[in-house]
Each structure stands twice: as C-alpha cells, then as structure tokens.
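**Q** pasting the sequence and the predicted coordinates here, then a few questions.
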Amino acid sequence: MDLAYLALLACPIMMVIMVIAIMKMSGNNNSSSKTNQDKELKENLNTLVQQNQALAKEIEDLKRSR
C-alpha cells in the first residue's frame, strides 16, 4: 500500500472526527444554557406584552380626552 494514499485519507477522516467531536461538545453545553435562554425570552415576552397593553390603554385614554 502506498503511503501517499494514507496521507490523502488522513485529512478527511480527521476532519470528520473533529466535526463529530465539536457537535457533541456544543450539544452538551447548549442544553443548560438553552433552558436559561428560553426562560429569559419568556420573561421578556411577558414584559413586552404588559407594556403593549399599558400603551394601548394609554392611547385609548388619550383618544377619549380629545
């Protein structure tokens, strides 16, 4: 077997192994941070909904006062 073929195959094989390893590592870290991020996004959404309701009420009050 020629060593040149082994050298040519080593690069793609190592790339596949590295991509799989990176995907596994990022998958483990994202699970806990994702739940925290989801919770924060829901809290922000609730805050925005409350602000929207308050602004809508204020607009209606201003329309009535004219």
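**A** Received, thanks.

**Q** and for L3, the neighbour number?
**A** 7 (other CB atoms under 10 Å). Heads up, the C-betas are built off the backbone N, CA and C, glycines and all.

**Q** over to the one 3 residues further on?
**A** Neighbourhood size, L6 [other CB under 10 Å]: 10.

**Q** list the contacts for it?
**A** With contacts defined as CB atoms under 8 Å, 6 or more residues apart in numbering, L6 has no neighbours.

**Q** shaky segments in this protein?
**A** Low-confidence segments of the chain (pLDDT under 70): 1-2, 28-32.

**Q** geometrically speaking, which residue is the centre of it?
**A** Relative to the mean C-alpha position of the chain, the nearest C-alpha, by CA atoms, centre = their mean, is the one of K34, at 6.9 Å.

**Q** relative to G27, how far out is that residue?
**A** 10 Å (CB to CB, to the nearest Å).

**Q** and if you look at A4?
**A** Relative to G27, and taking CB to CB, A4 is found at 36 Å.

**Q** same deal with V16?
**A** Taking CB to CB, one finds V16 at 17 Å from G27.

**Q** E43 and R64, how far apart?
**A** E43 is 32 Å from R64, where distance means CB to CB.

**Q** please identify which of the two sits among more neighbours.
**A** Counted by other CB under 10 Å, E43 and R64 do not tie: E43 has more neighbours, with 10 against 7.

**Q** distance between the helix or strand hosting I13 and the chain's centre?
**A** Using DSSP states H and E, I13 sits in helix 3-65. On the basis of CA atoms, centre = their mean, to the nearest Å, helix 3-65 sits 1 Å off its chain's mean C-alpha point.

**Q** no further queries at this time; thank you.
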